[in-house]
Structures are given as structure tokens and as C-alpha cells.
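K.L.:
fold the following.
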Amino acid sequence: MRLKERLESVIKTLSDKKNKVCILTHTNPDPDAIASAYGLWYFLKNTTGINATIYYDGIIGRINNRIMVDLLEIPIKKARSDFLEKFDYFCLVDTQPGKKNNCLPEGKKVLMVIDHHFEEAGETKPEFVDVRVNVGSTAAIVCQYLDKFKIDIPETLATALFYGIKTDTDGLLRDFSSIDKRYYKKLFLKVDYKKLHMIESPELPKEYFFDFADAINSATVYKNILIADLGKAFVPDMTGEMADYFLRMEGVSLVLVYGEFRDMLYFSVRTKKRGKRLGKICYELTEEIGSGGGHNKSGGGVINTPSKNKEIFLLRFFKKFSIRLQKLKLLYTEHK
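P.N.:
Prediction:
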């Protein structure tokens, strides 16, 4: 069945305007998750008349993401378990049933799953599943839905979707597809550039620079691999931001950054090399101690009970990349 026909089937299912629909992102949503949820909300509103509710679990920690939500007036709310019980249908974006990175209530009907991470087999069988591991962003997939039904994208939504594609593909420099490229170019003509600049270049809190300093002071290197410990991170997103930053270092082709936040250990991995499949590697590194995933050149996840599992995770990482512990050197010491 073609994509438009499959979407029409979803629209038919939601023909009763009394249906209560929840669009659920992954925990601690990034711009791609927020933008794709907003895009799906707009799609359902224009095709079914239903005003769905967007929920997320965890926090929207990174200042850029908070400004994105506030400035573009994206109708996303913090989830509470008692709120989630009232919905008839759930639509998952940038995550899937069975994954540990969302707060989908057990036994609830999942209508749609839209994602670009590798698919995991789960007990829940949604009516509509669109998982494309070859696409760099979920936002680009949602853009295609709007395109198929000739729904005009307003400026605020265009800005959100553009930013979602841009951040997940590093401006079409990492893990992007022809679909990402197509909608990146189309949306570029509709973006509110003043708001986009405000999102991308905000004033940063002092804690950001403290984390920055901790990462640099702790950074260790082994051949072309750099590892940094943030200690107590002020937001989980800092691991990804610092991993991207360190990947720019000359001679470094693989980066791991990790830090603790609210009794969980968050980590991000980045590489310059092709064929590493970091998403699959992160999934394997976290088996039975957390959850992980990602794409070919970027990945990450979370480790439960760091006091017990942090060492297990790091030893797995060292073994995976053949790192000899006694050969690790502090970057600052190496410089001196």
C-alpha cells in the first residue's frame, strides 16, 4: 500500500472527532523530535480536525530547544501518567513502542510510529509504522506527509522542521538522505530567519561553561579516540554538544562524552568515519543496563544506576574499540 493510502487509513480511523490523540516524543526531546511532533500535530489537525496533544517525558534541557518551543509557540507539554491514561490513541515520533526512551503507558493503543532509528521488535503492533533508517531526520518524514496532502506549511512550523532536519543531519553533513535534502531546501525559503538566529545563538547560562571546562579538563585521548567526563551535567544534552565540539579536533575521529544527571548516566558518541554504525553499537553497549541507539555517525543513550553500571559501560566501550586503559592520556597533560 502506498504512503498516501496508508495515511488515509489513519485519517479514516480518526474520523470520530471525539477521539483523544496523544503525540508522544522520546524522553528529553531534541529539536527533531519536537519539530516532527509539531508537524504531525499540524497534519492531523488539517486532515482530521482533531487537536491532538503533544507530550514529552524528562526535560527540555538545552537552552536552544527551550527557546525553540517558546519562540515558535509549539504546543508541547510535560507528561504526567494520570494525563496519559485518558487518551484513545498514541502516535510516537522519533521513538518506538518497546524502547526504554519514552513513557508510553503499558497496554495503550499505538496508532502511528514514525521514526528514523533502527526498528526493534515489540509486542505492540501499530496500525501505521513508518521507520526509515536511511533518512537522517524524523522531521523530513513528516514533511513528506504534509507534501502528499498538499498542506501549506506556515512560517513557524517551517522554522521548526528546518531546525529539526538541520540539527539531526548537522546541516546535511552527516547521515542525511535525499528526502532530508529535498525538504531542507524547500523549508529554507519559508524560515523565519530572525527567530532561527535567536534559537541557534542564545545567551548561555553559567552552568554551560562549567560543564565545558569539566569536559576539557577531563578529556583523555588514545590514538584517534577522545573520551571526556562531564561529572554532574546541568542538562543531559551537554554530552551531545560537547561530543560534536570535540569531534572538530585535529587527529580525533571518535569521541565519547558522558555525564550524570538525576541519577542517570547520559552519553554521546560521534565519529568522522563511515561504516561505524554507532546507533547499533550504542544499543549493544547498553544492553541490560540502560538504553541506546542512533545512526551511523552519531549515537548515544542512558545508563541506569551509574554507581553500579558506569564501569560496566566504560569497559564495554574500551573493549569494543580496543582501547588499552594504561595508554589513555589526559589531553591537557599531553599538551604540556
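K.L.:
okay, and for this structure, where does confidence drop off?
P.N.:
Within the chain, the segments meeting pLDDT under 70 span 120-124, 275-276, 331-336.
K.L.:
and the helices in the stretch 51-200 of the chain?
P.N.:
For the stretch 51-200 of the chain, helices defined by DSSP state H, counting those that start in this stretch occupy the ranges 63-71, 81-84, 138-148, 155-169, 178-188, 193-200.
K.L.:
run through who's touching the longest one.
P.N.:
When you say that, I think you mean helix 155-169. Here helix 155-169 makes contact (Cβ atoms under 8 Å, 6 or more residues apart in numbering) with 30-36, 38-39, 42, 68, 72-74, 136-140, 142-143, 153, 172, 175-176, 180, 183-184, 187-188, 190-192, 195-196, 199-200. (C-beta placed from N, C-alpha, C; glycine too.)
K.L.:
make it 6 Å
P.N.:
If you take Cβ atoms under 6 Å, 6 or more residues apart in numbering as the criterion, helix 155-169 is touched by 31-32, 35, 38-39, 42, 72, 136-137, 139-140, 143, 176, 180, 184, 187, 190-192, 195-196.
K.L.:
one more: the fifth one?
P.N.:
Under the contact criterion Cβ under 6 Å, 6+ apart, helix 178-188 has outside partners 135-137, 140, 143, 158, 161-162, 165, 169, 172.
K.L.:
can I get the CA coordinates of it in CSV?
P.N.:
Output of helix 178-188 as CSV, limited to C-alpha atoms (Å, rounded to 0.1, in the frame of the first residue of the first chain):
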residue,chain,number,x,y,z
SER,A,178,17.7,12.7,-0.5
ILE,A,179,14.5,13.3,1.5
ASP,A,180,16.3,15.4,4.1
LYS,A,181,18.0,17.4,1.3
ARG,A,182,14.7,18.0,-0.5
TYR,A,183,12.8,19.4,2.4
TYR,A,184,15.8,21.2,3.9
LYS,A,185,15.9,23.2,0.6
LYS,A,186,12.1,23.7,0.4
LEU,A,187,11.8,24.8,4.0
PHE,A,188,14.7,27.2,3.7
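K.L.:
report the buried residues of that helix.
P.N.:
179-180, 183-184, 187 (16 or more other Cβ atoms under 10 Å).
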